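In: Provided below are the primary sequence and the corresponding predicted coordinates.
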Amino acid sequence: MLILPTFAFFRARPLVYVAFLLASLLALLCHPAALYAANRIEFTGATEERKDNIALYLSVFTPAQINKSARFKNRVANEIKQALRGHGYYQVRVVFEDAMDGADYVLKARIIAGRSVFIDVADLQINGEAIRDPEFLALQRQKAPKQGDRMHHGNYEAYKKALLNLSHRKGYFDAKFSRAELVITPGDRRGKMHLHFESGPRYRFGAINFEGSQILEERLLPLLPFKSGDFYSVEQLAKFNQNLANTLWFGSVDLNVEPELRKDGVIPVNVLLTPATRNILETGIGFTTDIGPRLKVKWEKPWLNDRGHSLQTDLLLSGTEQTFDSRYKIPLRNVSHDYYQFVLGFENLNDSTIDTRSKKFDLVAERNWLLNNGWNRNLSLRWLYEDFIQANQDDIANLIMPGFSFSRGTDSGGSMPMQADFYLLSIELADQSWGSDTDFSRLRARAGWIGNWSVDQRWLVRLDGGAILQEGVVNIPPSLRFYAGGDSSVRGYRYRTVAPLNEKDEVVGGTRLATLALEYQHRVKNDWWLALFTDYGSAWNDSPDWKRSVGIGARWASPVGPIRLDVAYGLDHEPNGRFRLHFTLGPEL
């Protein structure tokens, strides 16, 4: 049984609505007590979607209009019958009963729907070029009403709408129905459905015109996923729009395709572009338990010239670490995937907790490829100059290192995605024959996965490993050595303190690294999560000294990214375990 609330919405019948509204206002003025009336209609005998459709039709009646007159009951019966005809029931009877609920009048309607009309003839045709289109054939196979089905007007209209939508998405701009009718014979419960769809020709992309671009057209053409003469496709237009947006060259992108301009089987594409701001300055304040409060300044020039070159400079300031990084990017023919990049970097590190003082200069030249399978390939040549004091070692490193890396990251979207993965494999080489102080190979591998068991349960796995071959740790600058411990490593231990020590218990760093993090998260409410985790790992030279930790944490999926607060207990502190607080903002993998 369905009880209609007194605040039911009106169906879109303007004249009836106005008449009912005026009548209701007059009744309220004449009878103030009607302001508190809760008269209603209750009905039984309908289930599933039929119940909702009846409720929609009956929502035209306000509580003040509901009464026990034969005329009103006849109107209610007609609305119910009209609602059920859309579902194939043409022989409907309605039996009414008057009832009172205190001072409120209740009109009870018992619906006897009878047996439904079925489709005796399903004359559904697709004509024109679409008759050979696989997507139209699949739509007809999956969505078209079939002979023997219950006559359902909603399904019929949905199929018509799906045909038109698909035709507009694929460029059949002349599509129309040459015949669209339903013939119902209620007496023998049979219906005939005639729907003849004439697709007409499928149009192709015509001339592609760029307007307002500050970038050379020859740099924009490789962004096109189609060319003039290809079949029209909304999906291809959307991909083109995304490619243009990803360059960051433009403040706005408007693809103007007007079917009214189609001619001779083609339709032109007008691309209206507005240049992005030439200078973008961003500032921010952050905090992590590893390095404390920090100030970040980012200056970006999305485009420097009509070739689309760009420049990005980052400045990061904290009490123990100051870094400067400037990147000049030169896109190649495949703008979104291939580019050269030149990087100039400086880092000043003075952290007594890890016994490190260092001034580091970097100059890097990179060639980047984004492959079709989603993997990012990077070939680099780096010059590193580092003047450092690590524990009791005071030295200078001067290295020239070619490098090669593969990486890939995917996620399902959102601040805290339900599915994600990340992979990185890299190698850098140093050799005295090309000007380096020493010979070694530095390998690094990382992997991470995020999954879920339900919308309220997530899990996370992180692996991190590395190795320096052919050389002892004393000939490696601190920035290339390995350390564990901290917010994103083995929690429960101070930042970069899980590493080999010298005879004075000063941090030296290692040539090997292996860490593992396992985490379970349960949604508490909305964007708030509770986390349980355990970490395991070590950095070492000769043999590992494994450290373990367990802990509990809170996660907030904030608009700027996940914010994590963890309380971790280091199980291998001597002589007893120790609690440590970790606070971080940023990606989980």
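Out: Cool, the structure landed. Numbers count the residues shown, from 1 in each chain.

In: Just the helices from the stretch 1-150 of the chain, written as ranges.
Out: Applying DSSP state H, counting those that start in this stretch to the stretch 1-150 of the chain gives helices spanning 14-30, 48-58, 70-85, 134-143.

In: Flag whichever of the ones you listed has the least confidence on average.
Out: The minimum mean pLDDT among the helices of the stretch 1-150 of the chain belongs to helix 14-30 (a mean of 46).

In: I'd like the distance from stretch 487-504 to the chain centre, please.
Out: Counting by CA atoms, centre = their mean, to the nearest Å, stretch 487-504 is centred 36 Å from the centre of its parent chain.

In: Name the spans of the chain whose pLDDT lies under the cut-off.
Out: For the chain, the stretches flagged by pLDDT under 70 are 1-37, 574-577.

In: Kindly report the domain assignment for it.
Out: Following automatic domain parsing, one gets these domains for the chain: 2-112, 118-198, 204-275, 280-585.

In: And stretch 80-98, what's buried?
Out: 80-81, 83-90, 92, 94, 96 (16 or more other CB atoms under 10 Å). From N, CA and C alone the C-beta is placed, and that goes for glycine too.

In: Which stretches in the stretch 201-350 of the chain count as helices?
Out: Going by DSSP H, counting those that start in this stretch, the stretch 201-350 of the chain shows helices at 217-220, 234-246.

In: residues near residue 499, how many?
Out: 23 (other CB atoms under 10 Å).

In: Could you do residue 307 as well?
Out: Based on other CB under 10 Å, the number of other residues close to residue 307 is 12.

In: For beta bridges, what are the partners of residue 359?
Out: With DSSP bridges as the criterion, residue 359 is bridged to residue 348, residue 387.

In: Test my guess that it contacts residue 384.
Out: No: using CB atoms under 8 Å, residue 359 makes no contact with residue 384, being 11.7 Å away.

In: Which of the residues in stretch 355-364 are classified as buried?
Out: Buried residues in stretch 355-364, counting neighbours by 16+ other CB under 10 Å, are found at 355-356, 358, 360, 362, 364.

In: Stretch 332-342 too?
Out: Buried, per 16+ other CB under 10 Å, within stretch 332-342: 335, 337-339, 341.

In: Also stretch 501-521?
Out: 507-515, 517, 519, 521.

In: next one: stretch 238-258
Out: For stretch 238-258, by 16+ other CB under 10 Å, it's 240, 243-244, 247, 249-250, 253, 257.

In: JSON lines for these, including distance to residue 223?
Out: Below are those laid out as JSON lines (distance: CB to CB, whole Å):
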{"residue": "240", "distance to residue 223": "7"}
{"residue": "243", "distance to residue 223": "4"}
{"residue": "244", "distance to residue 223": "6"}
{"residue": "247", "distance to residue 223": "7"}
{"residue": "249", "distance to residue 223": "10"}
{"residue": "250", "distance to residue 223": "11"}
{"residue": "253", "distance to residue 223": "11"}
{"residue": "257", "distance to residue 223": "16"}
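
In: Of the buried residues of stretch 80-98, just say which sits nearest to residue 209.
Out: residue 86 (46.7 Å; CB to CB).

In: Spatially nearest residue to the closest one (excluding sequence neighbours)?
Out: Leaving aside its sequence neighbours, residue 86 sits nearest to residue 153 (CB to CB, 6 or more residues apart in numbering; 4.2 Å).

In: and the one you found, how many neighbours?
Out: By the criterion of other CB under 10 Å, residue 153 has 15 neighbours.

In: Then residue 486?
Out: There are 23 residues near residue 486, going by other CB under 10 Å.

In: which SS state does it fall under?
Out: Assigned by DSSP: H, G, I helix; E, B strand; the rest coil, the conformation of residue 486 is coil.

In: Torsion angles phi and psi at the most centrally placed residue in the chain?
Out: Centrality entry for the chain: nearest residue to the mean C-alpha point is residue 413, 2.9 Å, by CA atoms, centre = their mean. Main-chain torsions, residue 413, degrees, to the nearest 10: phi 100, psi 160.

In: Adding distance to residue 178, write the buried residues of stretch 332-342 out as CSV.
Out: Shown next, in CSV, are the buried residues of stretch 332-342 (distance: CB to CB, whole Å):
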residue, distance to residue 178
335, 46
337, 46
338, 50
339, 53
341, 58
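
In: Okay, and which of these map to strands?
Out: 338-339, 341 (DSSP state E).

In: list the buried ones in the longest strand seen in the chain?
Out: If you go by DSSP E, the chain has its longest strand at strand 393-411. For strand 393-411, a neighbour-count test (16+ other CB under 10 Å) marks 397-401, 403, 405, 408, 411 as buried.

In: list the helices and strands it packs on?
Out: strand 376-390, strand 420-430 (3 or more CB pairs under 8 Å, 6 or more residues apart in numbering; DSSP states H and E).

In: Number of residues surrounding residue 315?
Out: Neighbour count of residue 315, defined by other CB under 10 Å: 16.

In: For it, list each beta-bridge partner.
Out: Legend: beta-bridge partners of residue 315 under DSSP bridges are residue 297, residue 324.

In: ok, now which ones touch residue 517?
Out: Contacts of residue 517 were listed using CB atoms under 8 Å, 6 or more residues apart in numbering, and they are 460-462, 491, 533-536.

In: From those residues, list just the buried residues.
Out: Buried members of the contacts of residue 517, scored by 16+ other CB under 10 Å, are 460, 462, 491, 533-536.

In: and those residues, which of them are in strands?
Out: Those of the buried ones among the contacts of residue 517 lying in strands (DSSP E): 460, 462, 533-536.

In: quick one: which of those residues is nearest residue 369?
Out: Distances from residue 369 to those, taken by CB to CB, are shortest for residue 462, at 26.3 Å.

In: can I assume the closest one is in contact with residue 533?
Out: No: the pair residue 462 / residue 533 is not scored as a contact, 9.9 Å apart, by CB under 8 Å.

In: Please tell me how far residue 284 sits from residue 586.
Out: Going from residue 284 to residue 586 by CB to CB, to the nearest Å gives 12 Å.

In: One more: residue 324?
Out: 20 Å.

In: And residue 74, by the same measure?
Out: Distance from residue 74 to residue 586, by CB to CB: 67 Å.

In: same thing with residue 343?
Out: Residue 343 sits 21 Å away from residue 586, going by CB to CB.

In: which one of those two has more residues nearby?
Out: Remark: of residue 343 and residue 586, residue 343 carries more neighbours, 17 against 13, as counted by other CB under 10 Å.

In: Might one say that residue 163 is in contact with residue 139?
Out: Yes: the pair residue 163 / residue 139 is scored as a contact, 6.9 Å apart, by CB under 8 Å.

In: quick one: which of the two has more around it?
Out: residue 163 (24 against 18).

In: mind checking the SS state of the more buried one?
Out: helix.

In: correct me, but residue 404 touches residue 424?
Out: No: look at residue 404 against residue 424 with CB under 8 Å: they stay out of range, at 11.9 Å.

In: How far away from the center of its chain is stretch 413-423?
Out: Using CA atoms, centre = their mean, the offset of stretch 413-423 from its chain centre is 9 Å.

In: Over to stretch 281-300?
Out: Its chain's C-alpha centre and that of stretch 281-300 lie 26 Å apart, by CA atoms, centre = their mean.

In: can you list the residues that contact it?
Out: Stretch 281-300 has contacts (CB under 8 Å, 6+ apart) with 279-280, 310-321, 486-488, 495, 580-585.
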